[in-house]
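>>> Whatever this is, show me its structure:
(one chain, ligands or ions: 2)
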Amino acid sequence: MDTIENFIAGIPKAELHLHIEGTFEPELMFEIARRNNLRLKYDSIEDLKLAYNFNNLQEFLDIYYSGADVLLEEQDFYDLTWAYLQKIHSQNVIHTEIFFDPQTHTLRGVPFSKVITGIHRALNDGRTKLGISSKLILSILRHLSEESAFQTIGDALEYKSWITAIGLDSSEKGHPPSKFRRVFEKVLEEGFLTVAHAGEEGPPEYVWEAINLLHVSRIDHGNRSLEDQALVDELAMRKMPLTVCPLSNLKLKVVKDMTKHPLTEMLDKGLMATVNSDDPAYFGGYVNENYLAVANALNLSKEQIVQLAKNSFTASFLDEVEKQAMIEKVEMFSNR
Ligand code: ADE
Ligand code: ZN
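Ligands and ions are numbered 1, 2, ... in the order given. Here you go, the predicted model:
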């Protein structure tokens, strides 16, 4: 008999909510800082890790953006992405859809081309050397202006074929999706899919706006949707995926403790919930640790874990044939 840990480790999975800048492990951060002749604010890896104690989203973001400041060269973005791909390969993640935050880099003078070329080259190697398929999602920083968002979309158009979707992340409160309605109109016209972080710290109203104004294909997080029954009904009716991130929710105090996590309530209410790692280097775990944390705290059954793994492919941006092929792999694993 498999332990739950082995079952989670072995089951084929997709990851749909992952910020590549959030995979920046302290060891690699110090190495890249050194080769770029930059000093981090912290003297050692231990000191840096001591700072990973957050009371809310903003406290995390301040540290996350300052870590990303040492990324300068195309090779830095390659190394960051390649390290993540090797890690998830060891966890049986066979498909990943990753966010990158270009404004975090372009506003420091790093060209958009270096950022996207490094990430894209690693994703190609992930495909050929590790057999991991992937999609790239450009995420707009919502605490910045509409003008900066339009500028970023302008940069992205040169690399249109490398980018599947446009997302919205960063400080949620006070920056509703409606702030970017015109930007998202433009990207939809250009043929991109759209997603948005909503209902992580922000109210259910932001989830409504993401659906009705940004025409999103997925909601990232979505926890606070449960406060609004009409919204729950709407999400269920649309089979709208929620990319849920349990360890992130715990570390950013979106949930008090893991036994109070709303994942089972979401599944019980017919919502298309998936499990993801968000910023694994900062929150203490990659996808498997996220599955295990909820499996233990919420006493998930193997059937629920299989459902979550299937949801991860159903909710992905793969085509229907690819989705079916990967869902069959889940079934073969669970019936073996
Ligand atoms: N950027 C990286 N992680 C994020 C999160 N959990 N919420 C909003 N923006 C983010
Ligand atoms: Zn996120």
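
>>> Show the contacting residues for Glu172.
Residues in contact with Glu172, defined by CB atoms under 8 Å, 6 or more residues apart in numbering, are Leu57, Arg142, His197, Ala198, Glu200, Glu201, Gly202, Tyr206. Bear in mind the C-beta positions are built from the backbone N, C-alpha and C, glycine included.

>>> Restricted to helices, list these.
Judged by DSSP state H, the subset of the contacts of Glu172 located in helices is Leu57, Tyr206.

>>> And for the residue nearest to Leu252 when sequence neighbours are not counted, the neighbour number?
In space, and not counting its chain neighbours, Leu252 is closest to Leu57: 5.2 Å by CB to CB, 6 or more residues apart in numbering. Counted with other CB atoms under 10 Å, residues neighbouring Leu57 total 22.

>>> Please report the distance of Trp82 from Phe99.
Note on Trp82: its distance to Phe99, by CB to CB, to the nearest Å, is 17 Å.

>>> which other helices and strands contact the helix or strand hosting Phe99?
Using DSSP states H and E, Phe99 falls within strand 93-100. Using 3 or more CB pairs under 8 Å, 6 or more residues apart in numbering; DSSP states H and E as the contact test, the elements touching strand 93-100 are strand 13-15, helix 74-89, helix 112-125, strand 133-141, strand 165-169, helix 320-334.

>>> just the contacts of Glu172 that are near ligand 1?
Applying CB under 6 Å from any ligand atom to the contacts of Glu172, one finds that Leu57, His197, Glu200 fall near ligand 1.

>>> who's in contact with the residue nearest to Glu21 when sequence neighbours are not counted?
Closest residue in space to Glu21, ignoring its immediate chain neighbours: Ala68 at 4.5 Å, by CB to CB, 6+ apart. Going by CB under 8 Å, 6+ apart, Ala68 touches Glu21, Phe24, Asp101, Thr104, His105.

>>> Now tabulate the residues you listed in a markdown table and tack on neighbour count and secondary structure.
Formatted as a markdown table, the contacts of Ala68 follow (neighbours: other CB atoms under 10 Å; DSSP: H, G, I helix; E, B strand; the rest coil):
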| residue | neighbour count | secondary structure |
| --- | --- | --- |
| Glu21 | 22 | helix |
| Phe24 | 25 | coil |
| Asp101 | 23 | coil |
| Thr104 | 22 | helix |
| His105 | 22 | helix |
